[in-house]
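Participant: okay, sequence plus prediction incoming.
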Amino acid sequence: MVNVLVIGSGGREHALSWKLSQSSKVETVFTAPGNGGTENNVPISVDDLDGLADFAQKNNCFTVVGPEDPLAAGIVDKFNKLGLRVFGPSRQAAQLESSKIWAKDFMKRNEIPTARFEIFDDAQKAQEYVKSLDYNVVVKADGLAAGKGVIVCNSNDEAISAIQTILVNKTFGDAGNRIIIEERIDGIEASYIALSDGDIAIPMASSQDHKRIFDNDEGPNTGGMGAYSPTPIIDDNLAKIIQEEVIEKTIHAMKKEGIVFKGFLYAGIMIQDGKPYVLEYNVRMGDPECQPITMRMDFDLYDYFVASVDGTLSSLPPATWKSQSAVCVVLASKGYPEAYSKDDEITGFDSVPEGAIVFHAGTKKSGEKILSNGGRVLGVTALGDTLQSAITNAYAATDKIIWSQKFHRKDIGQKGLSYL
């Protein structure tokens, strides 16, 4: 029996901890720093790499890194040097997410399908470039910006404003020291996540996130307002194309460049005229996609994490999935992704129907109470025999959760229904 340390405090980490705790090989799952819903919380922040390593060493932990910041900071390299077993990509491999410019250049030189782009660190030159274009663009901060450093523009004026926001006003701090201006590809967006050991990659169940804050995909981007799995948008044929042309090509190209990619590889895909284009990479499980994906897992996740670290994924059977659909509705604090209140008491957990799980994200415990402690607060997740029944079940559970600042989208999963 082994202990597991899950690093992070979001809904993704709660879902991973929940799934890993079901393994017969795992004794205790610790979460650092965790949230109001996770058990065995360890009060060490995700950027305290020394503290995390010390805890893992003393408690005989296999470590799973949830969020992107410690991966970009090189936590996996640090743990490996200390002889500690850790799941996730190295600092070098994490550049696929930590630098959008590095990732775009990587895609370009390895002929992985993505939108055409230019790179700027000078606002005036960037704005002059935009004025010369006859198509709409997306403006992206180079570095990590908690899922919010991407501005989709509907006009030249909006693009010029986005350049001002990122490069001049430094809304995303140093993450916006350089920007990418890329052609806006309009189509259907989906998430494709695979688990790699550096040689092969096993696809996870397909999913679709809902990034915008308001219904009908309106308003600013967020870290994600809900997700469902599987998505009918990615059929078997398209899945095969993405697996071969994006995922496997990425893993093999990384290896050819001297970088072994171990961990979750997440490709944010835009599908236009049946062809997939990579919008961006993430080097960890998506959040909130993780919640419905883990609900549908019909295998021991711990075994697959160990095989990823050991380079032995090919020795495991294919991952199997429950035939049901799963839907996650994110409950946020009013005002997110801008300013929002904290410390609001949340009630109703005991009334949630059986079969639905409330994964915590921005919460904390205060005595017996659960208080809000972030922008995205909870991820109410439910299974159903069909996508429609999963939607119905998730929203029935959502209605039971009560707090004064609760806000959520009312159309999670509807895009999928339109493709059935």
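Facilitator: Yep, it's here. Owing to the predicted nature of the structure, the values given are computational and were not obtained by experimental measurement.
Participant: what residues are up against A396?
Facilitator: Applying Cβ atoms under 8 Å, 6 or more residues apart in numbering, one finds that A396 lies in contact with 353, 356, 382. Where you see a C-beta, it was placed from the backbone N, CA and C, and this is true even at glycine.
Participant: in the helix or strand containing it, what counts as buried?
Facilitator: Mapping A396 onto the secondary structure by DSSP states H and E places it in helix 387-398. Within helix 387-398, the residues that qualify as buried are 387-388, 390-391, 393-395, 397-398, counting by 16 or more other Cβ atoms under 10 Å.
Participant: ok, these vs T320, which is closest?
Facilitator: A390 (18.6 Å; Cβ to Cβ).
Participant: any idea of the pLDDT on that closest one?
Facilitator: On pLDDT, A390 comes in at 98.
Participant: would you mind measuring from G286 to Y340?
Facilitator: Separation of G286 from Y340 (Cβ to Cβ, to the nearest Å) stands at 22 Å.
Participant: try V278
Facilitator: 32 Å.
Participant: neighbour-wise, which of those two wins?
Facilitator: Regarding V278 and Y340, a neighbour count based on other Cβ atoms under 10 Å identifies V278 as having more, with 22 against 19.
Participant: surely that one meets M107?
Facilitator: Yes. Proximity of V278 to M107 meets the contact threshold set by Cβ atoms under 8 Å, at 6.1 Å.
Participant: give me the common contacts of these two.
Facilitator: What both V278 and M107 touch, as defined by Cβ under 8 Å, 6+ apart, is the set 113-114.
Participant: which residue packs closest to V150, ignoring adjacent ones?
Facilitator: Spatially, and ignoring its direct neighbours in sequence, V150 is nearest to K140 (5.0 Å; Cβ to Cβ, 6 or more residues apart in numbering).
Participant: restricting to C-alpha, output the host helix or strand of the one you found in PDB.
Facilitator: K140 belongs to strand 137-141 when assigned by DSSP H and E. Output for strand 137-141, consisting of C-alpha atoms alone and laid out as PDB, is shown next (Å, rounded to 0.1, in the frame of the first residue of the first chain):
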ATOM      1  CA  VAL A 137      -7.800  37.400 -34.800                       C
ATOM      2  CA  VAL A 138      -7.200  36.000 -31.300                       C
ATOM      3  CA  VAL A 139      -4.700  37.800 -29.100                       C
ATOM      4  CA  LYS A 140      -3.000  35.600 -26.500                       C
ATOM      5  CA  ALA A 141      -0.600  36.400 -23.600                       C
END
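Participant: name the helices or strands packed onto the following helix or strand past it?
Facilitator: Once the chain leaves strand 137-141, the next helix or strand it forms, by DSSP H and E, is strand 150-152. Applying 3 or more Cβ pairs under 8 Å, 6 or more residues apart in numbering; DSSP states H and E, one finds that strand 150-152 makes contact with strand 137-141, strand 218-221.
Participant: can you list the strands that the first one pairs with?
Facilitator: Read it as strand 137-141. Strand 137-141 sits in its sheet next to strand 150-152 (antiparallel), strand 179-183 (antiparallel), going by DSSP bridges.
Participant: same check, this time on the shortest one
Facilitator: In the sheet containing strand 218-221, the strands it pairs with under DSSP bridges are strand 212-214 (antiparallel).
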